[in-house]
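**Q** Here you go, sequence then predicted model.
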Amino acid sequence: MLYQRILFNCLQNDSKTLFYNDGGSKYTWKDSSIYVSFLINEYLKEAKNEEKEIYITSAKSFETYSLILACYLVGLSYTPIDFRDKKRLLEIDNSSIIFSSIKINDISIIRLDFKELNLNDSIYKNTIKNIRSYYEFDSKNKVYKMTSSGTTGEPKIIPINSINLENYISQINKLSIFKAGDTFSQVPNLTFDLSIHDIFLSFFHKGTLIPISSDLGLLFTRFIKKMQIKHIMAVPSFLDISLQNNPCPIKNVSNIYLCGESLRSDVAKRIRKVFPNAKCFNLYGPTECTIAVLFHDFSDQEIDLSLNQIPIGKPFHSTHVELSKNGELYISGKQVFDGYLTKKNSPFFKIENQKFYKTGDLCKLTEEGYYFLGRIGSQIKFRGYRVEIEGLENYLSNALKSQVILIPHNEISTSNYKDITIFYTNESLDKLEIKRLLPPHLNSLSVKFIQNLPRSKSFKIDRKKISLEFL
């Protein structure tokens, strides 16, 4: 079991294996066990008894990861929150607890600082050992809660419980080989559920977490080599940007996991070239289904550049999927959450007494597995013609070997637009070259160069910001 394995790793009091390493600060698993014990005794026992909500700011640090571990060990769920989101921080109820490893002005927080405490291993040394005297593990306990506005803008709180997470970790362990002490990059923002992949795989395998800023850019490959990172999880566009102008292969990486957006064929080919020794996986899954539930191994596959994207593949063994008549993907299995905490409308329906989650994603099934086609509602009307926005973006980006984004604007009626603007990021491209790839009925589209695509905290493209600032 996931819980038993992680608890065992904490009990080892290992002073040799690193728990955290950011290139400057280094902390061992023994350091983490000491700090975890302190957090449980000083804050979390009381918080659990009083059923308080726990919020953790998104600063990546030894203290933050240790707090996540401590919460898991005592069965307390946590909600990650961006430390820059002052408005939301101010809205949190006073009965809740906000933990942060960085100072935030005008916000009531519990500041996390391991060095300042000067703890030693004689304090609380039996806390983890005796943890079962006050906590009995329950697979239905919530581990974390992610907040998502989805496509509607309505806030949704998505709780993921222990059995959901355990099944995900189990499936990844079947796909890949890990060793104790392996190094795991930590690229995604903690408010993005992809971060859970690295954190809990590292906890399970007694590995080392190495935080990486999404602003690292072209220095990313140098850092990966220097830190001898073995396993990387990221959205495809992050690696696309980070690997530009990198002709040298990086041989120390064992596994690459891509998730969160479509994986273009040209990007997949570049990843394979840069990481020749890595097993490469394209993953798919909504937050509601615990990180990912479908996978495609493209490690040894001949990548066909005439295809716009890499398939999302086939479902994990514990997952069952169906396509509706209109091509919407439905998901059932042990990774599917129990329901939103904030929405009254159920996202589920039943097929022969089996509960399925409606993803809102359009897919198709081929011999290679499932392909992601786009979101329901991403199809619009433009001057009488139907336009599949995501499909056209994938086609143009793949053909031009550069990211291209389409933004519809000047809405005449629901999903019916007067104008569409194409934004491209490669300054050397000719606008006419882009227009030549378009069908005749789209020749009137505007084409604009944009230096850098604005991105959200999860590194996804911020389309709303593009609309507000560049149109």
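**A** Perfect, I can see it now. Since the structure is predicted, the reported quantities are computational estimates derived from the model, not experimental observations. Numbering: from 1, shown residues only.

**Q** Provide a list of residue ranges in the protein with pLDDT below threshold.
**A** Across the chain, the stretches falling below the confidence threshold (pLDDT under 70) are 149-154, 343-344.

**Q** Closest to the centroid, which residue in it?
**A** If you average the C-alpha coordinates of the chain and look for the closest C-alpha using C-alpha atoms, centre = their mean, you land on L194, 2.1 Å from that point.

**Q** Quick check: phi and psi on the nearest residue to that residue once chain neighbours are set aside?
**A** By the measure of C-beta to C-beta, 6 or more residues apart in numbering, the closest residue to L194 outside its immediate chain neighbours is P188, 4.0 Å from it. (C-beta placed from N, C-alpha, C; glycine too.) The phi/psi pair for P188 (degrees, to the nearest 10) reads phi -60, psi 150.

**Q** helices and strands around the longest helix along the chain, which ones?
**A** As far as residue count goes, and with DSSP state H defining each element, the longest helix of the chain is helix 162-175. Applying 3 or more C-beta pairs under 8 Å, 6 or more residues apart in numbering; DSSP states H and E, one finds that helix 162-175 contacts helix 2-11, strand 142-148, helix 194-204, strand 294-297.

**Q** Which residues does the third one contact?
**A** Which is helix 194-204. Counting by C-beta atoms under 8 Å, 6 or more residues apart in numbering, helix 194-204 makes contact with 2, 5-6, 9, 65, 68-69, 72, 80, 144, 160, 165, 168-169, 172-173, 178, 182, 184-189, 207-209, 231, 233-235, 257, 259-260, 291-292, 458, all of which sit outside it.

**Q** Now whatever helix or strand comes next after it - C-alpha only, PDB.
**A** Sequence-wise, the next helix or strand beyond helix 194-204 is strand 208-211, with elements assigned using DSSP states H and E. Coordinates of the C-alpha atoms in strand 208-211 are reproduced here as PDB (Å, rounded to 0.1, in the frame of the first residue of the first chain):
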ATOM      1  CA  THR A 208      14.900  13.400  -3.900                       C
ATOM      2  CA  LEU A 209      12.600  16.200  -5.000                       C
ATOM      3  CA  ILE A 210      14.400  18.900  -7.100                       C
ATOM      4  CA  PRO A 211      12.200  22.000  -7.700                       C
END
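
**Q** Show me what counts as buried in strand 208-211.
**A** 208-211 (16 or more other C-beta atoms under 10 Å).

**Q** Contacts for the helix or strand following it, please.
**A** Where DSSP H and E defines the elements, the next helix or strand beyond strand 208-211 is helix 220-226. Contact with helix 220-226 is made by 23, 185, 212, 216, 229, 232, 242-243, 246, 248, 250, 252-253, 274, as judged by C-beta under 8 Å, 6+ apart.

**Q** Format the residues you listed as JSON lines; extra columns: neighbour count, secondary structure and distance to N105.
**A** What follows is the contacts of helix 220-226, written out as JSON lines (neighbours: other C-beta atoms under 10 Å; DSSP: H, G, I helix; E, B strand; the rest coil; distance: C-beta to C-beta, whole Å):
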{"residue": "G23", "neighbour count": "11", "secondary structure": "coil", "distance to N105": "28"}
{"residue": "S185", "neighbour count": "23", "secondary structure": "strand", "distance to N105": "31"}
{"residue": "I212", "neighbour count": "24", "secondary structure": "coil", "distance to N105": "27"}
{"residue": "L216", "neighbour count": "16", "secondary structure": "coil", "distance to N105": "27"}
{"residue": "I229", "neighbour count": "21", "secondary structure": "coil", "distance to N105": "34"}
{"residue": "I232", "neighbour count": "28", "secondary structure": "strand", "distance to N105": "34"}
{"residue": "S242", "neighbour count": "21", "secondary structure": "helix", "distance to N105": "32"}
{"residue": "L243", "neighbour count": "19", "secondary structure": "coil", "distance to N105": "38"}
{"residue": "N246", "neighbour count": "15", "secondary structure": "coil", "distance to N105": "39"}
{"residue": "C248", "neighbour count": "9", "secondary structure": "coil", "distance to N105": "43"}
{"residue": "I250", "neighbour count": "19", "secondary structure": "coil", "distance to N105": "40"}
{"residue": "N252", "neighbour count": "15", "secondary structure": "coil", "distance to N105": "41"}
{"residue": "V253", "neighbour count": "24", "secondary structure": "coil", "distance to N105": "39"}
{"residue": "V274", "neighbour count": "21", "secondary structure": "helix", "distance to N105": "41"}
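
**Q** Output the buried residues of strand 208-211 in TSV; the columns should cover distance to Y43.
**A** Listed next are the buried residues of strand 208-211 as TSV, based on distance: C-beta to C-beta, whole Å:
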residue	distance to Y43
T208	25
L209	22
I210	27
P211	23
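
**Q** So which of those is the closest to N353?
**A** Using C-beta to C-beta, the shortest approach to N353 within the buried residues of strand 208-211 belongs to L209, at 41.5 Å.

**Q** check contacts around the closest residue to L73 other than its chain neighbours.
**A** Using C-beta to C-beta, 6+ apart and skipping residues adjacent in sequence, the residue nearest L73 is I131, 6.0 Å away. I131 makes contact with 7, 40, 73-74, according to C-beta under 8 Å, 6+ apart.

**Q** Narrow the residues you listed to those in helices?
**A** The subset of the contacts of I131 located in helices under the criterion DSSP H comprises 7, 73.

**Q** how far away is the residue nearest to L73 from Y72?
**A** The gap separating I131 from Y72 is 11 Å, by C-beta to C-beta, to the nearest Å.

**Q** same deal with E136?
**A** Distance of E136 to Y72, given as C-beta to C-beta: 14 Å.

**Q** more crowded one of those two?
**A** Neighbour totals were compared for E136 and Y72, and Y72 leads with 25 against 9 (other C-beta atoms under 10 Å).

**Q** According to the record, where do the domains of the chain fall?
**A** Residue ranges of the domains in the chain are recorded as 1-8+21-137, 143-374, 377-470, according to automatic domain parsing.

**Q** Can you lay out those as TSV showing distance to D14?
**A** Rendered in TSV, the data for these read as follows (distance: least, C-beta to C-beta, whole Å):
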stretch	distance to D14
domain 1-8+21-137	4
domain 143-374	7
domain 377-470	32
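
**Q** Return the most buried member of those.
**A** Mean neighbour count (mean count of other C-beta atoms under 10 Å) peaks for domain 143-374 among the domains of the chain, with a mean of 19.

**Q** Span of that domain from start to end?
**A** Taking C-alpha to C-alpha, to the nearest Å, domain 143-374 runs 30 Å from one end to the other.

**Q** swap in stretch 19-37?
**A** Across its full length, stretch 19-37 reaches 15 Å end to end, with C-alpha to C-alpha as the criterion.

**Q** I figured T287 hits T191, correct?
**A** No: T287 is beyond contact range of T191, at 10.7 Å (criterion: C-beta atoms under 8 Å).

**Q** intersection of neighbour lists for these two?
**A** Shared contacts of T287 and T191 (C-beta under 8 Å, 6+ apart): M146.

**Q** Please put the alpha-carbon coordinates of the longest helix of the chain into CSV.
**A** As requested, C-alpha coordinates have been extracted for helix 162-175 and formatted as CSV (Å, rounded to 0.1, in the frame of the first residue of the first chain):
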residue,chain,number,x,y,z
SER,A,162,-6.3,7.9,-0.8
ILE,A,163,-7.6,5.1,-3.0
ASN,A,164,-7.7,7.4,-6.1
LEU,A,165,-4.1,8.4,-5.5
GLU,A,166,-2.9,4.9,-4.6
ASN,A,167,-4.3,3.6,-7.9
TYR,A,168,-2.5,6.3,-9.9
ILE,A,169,0.9,5.6,-8.3
SER,A,170,0.4,1.9,-8.7
GLN,A,171,-0.2,2.3,-12.5
ILE,A,172,2.9,4.5,-12.9
ASN,A,173,5.0,2.0,-11.0
LYS,A,174,3.8,-0.6,-13.6
LEU,A,175,4.9,1.6,-16.5
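
**Q** No further queries at this time; thank you.
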